[in-house]
Every structure is written in C-alpha cells, then in structure tokens.
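Student: Any chance you can model this:
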Amino acid sequence: MASKVPKMHVLIVGGGIGGLMLGLMLERAGIDYQILERSPELRPLGSAISLNGTVLRLFEQLGLLEDLLKISKAAGRLHLVKEDLETQGHIDLEHFRERYGYHSIVFGRPDFFQMLISHIPAKKILMGKRILSSSQTELGVIVRCSDGSAYHGDILVGADGAHSSIRQCMHKTLKEQGLLPKSDSEKLKFDQNCVVGITNELDPEKFPILKEELCELYGVIGKKNPYTVSLRTSLHYRILFASLHSWTRYLLDCFG
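Tutor: Numbers count the residues shown, from 1 in each chain. Alright, predicted model coming up:
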C-alpha cells in the first residue's frame, strides 16, 4: 500500500529556474506550495544551459523530456580555440548517449523558463512579492512582504538568486546568535563578471554552422587578456554566448 504524502505547505521565494523547478517537482508529488516572486512580471533572461544524461533522467521521470527535447539541440563537438582563433583541439560529445543513454543537450535559458512556466498553475505564482523578513515559529515559518501581506508555511525555500533576501535574513539571525562560520566574514578570493545573451535569428547562408543538426560548442580562451568567450549554436539559427572576465585570469595565474 502506497504511503500517504504528509500534508504540508512549502513557500518558495523566487520565481527563477530553481524556484520553478522545485515547484514543478512538488506539483508532481502532490505537495502544496506557493511561489513568491519579487518582480511584477516574470522575465526569462540568460543564455545557454547544457544538461547531460545524469540529469535528463529526472526530466524523463517528471514527464518533461519530450518537451525539453523540442527546445534543444544534442551536443556534437566542443571546439577549443585560442584568442587568435587558432584551433587547439576538439572533444567529441556524441559518445555521451552510448555511455549515459542520452545525448548531452543545449538550449536557451528563456526557452527553458517558458517550458517550466507552462507546466505550473498560474495561481501558484504570486508576483510583486518583495520579502522584508522571515521568522520561525512553533507552527512553522512566516514571511512578510513589502505590500503588507504575510504567508505561512511549513517549509521555506530561498530560491531568490545572488542577492537573496532569505539568505540575508538567515545571515542576520545566525550573526546575532554567533553561529556564522569564519569564512562568511572573509573577502572573496576573486570575482567574475559575465556578459550573456542570445542573438536574433541569423542568416544560415552567412553562418553555415547553424545548419548543423547537432550543437557545436566553442570555447575561446584568452591568455594575453582576461576574457573567455563561450559560443553554442541553437535552434532557430541563433547563437548562445557568454563572455567571462577575471575568472579566466585567476585560473591562468594559478595553473599557467
């Protein structure tokens, strides 16, 4: 006899990919939840996401694999290129299917975002909910928002990004209790700036590589300058790109 799922209510702060993915899993499991998003509207931003077979099993179990494959390209080869565009080598990625049962796939973050949204009931996502505070009580957890509303749950999950209000609330509480680890007061060893984006639809006659059935990945590694550029071909004749600064220089300094 199947065990009954205990009744509980989960509050998820943040309507990004992490919050939406958790909400979708709770939806499938029959667990009540509410997503509180700070922005007045959902804005799918970003560039590329790559997933391999170890993760795609999860999407198959959730019944999402077919939808995910519709917005993605299977990964073909990774090309390693110097900053003067001299090719250093290639890594074949097609063998992943033989090893894991799935191709590694690449897709645009906005496309993935929209796919997740389509599987979550609109009533489960509340917009314009900027969290001011969170507190633990004997009955659970309470979050209070800038619009005067308050929400009670059994579990609170902070999925609200780099400048997480939930993490700030936890940091304040732990600091008052003297429970913060020493590392939290130390400066970061290095920082990283990243510029990401997706091109508009390009002319495949000018860029023939866009016609390839498989996704071609390029890593342009800077040595004389602190930049690395990542490029991936995508559906609809687009290129997904990201440019990283500082992190590459840190690695070169460490490993030559």
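Student: Could I get the contacting residues of A162?
Tutor: Under the criterion of CB atoms under 8 Å, 6 or more residues apart in numbering, A162 has no contact partners. The C-beta positions use only the backbone N, C-alpha and C, and glycine is treated the same way.
Student: May I ask which helix or strand encompasses it?
Tutor: According to DSSP states H and E, A162 maps onto no helix or strand at all.
Student: and the gap between it and G18?
Tutor: Per CB to CB, to the nearest Å, A162 is found 12 Å from G18.
Student: Could you do H103 as well?
Tutor: 24 Å.
Student: between these two, who's got more neighbours?
Tutor: H103 (24 against 15; other CB atoms under 10 Å).
Student: In the stretch 151-256 of the chain, where is pLDDT below threshold?
Tutor: Judged by pLDDT under 70, the stretch 151-256 of the chain has its weakly predicted residues at 190-191, 245-256.
Student: Just the buried positions in the helix or strand where L156 lies, please.
Tutor: Under the criterion of DSSP H and E, L156 resides in strand 155-158. The neighbour-count check on strand 155-158 (16 or more other CB atoms under 10 Å) flags L156, V157, G158 as buried.
Student: Equivalent analysis for stretch 168-180, please.
Tutor: C169.
Student: Pull out the CA atoms of it and give them to me as CSV.
Tutor: Output of stretch 168-180 as CSV, limited to C-alpha atoms (Å, rounded to 0.1, in the frame of the first residue of the first chain):
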residue,chain,number,x,y,z
GLN,A,168,20.2,37.8,4.2
CYS,A,169,17.5,37.1,6.9
MET,A,170,19.3,33.9,7.8
HIS,A,171,22.7,35.6,7.9
LYS,A,172,21.3,38.2,10.3
THR,A,173,19.8,35.6,12.6
LEU,A,174,23.0,33.5,12.6
LYS,A,175,25.1,36.5,13.2
GLU,A,176,23.0,37.5,16.2
GLN,A,177,23.4,34.0,17.6
GLY,A,178,27.1,33.9,16.9
LEU,A,179,26.8,30.9,14.6
LEU,A,180,28.3,32.3,11.4
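Student: And the contacts of that stretch?
Tutor: I131, S133, S134, G158, D184.
Student: Kindly indicate the member of the residues you listed with the most neighbours.
Tutor: I131 (23 neighbours).
Student: so what's that residue bridging to?
Tutor: C145 (DSSP bridges).
Student: strand partners of the strand holding L156, parallel vs antiparallel please.
Tutor: For strand 155-158, pairing defined by DSSP bridges yields strand 9-13 (parallel).
Student: just for the stretch 1-150 of the chain, where's the confidence low?
Tutor: 1-6.
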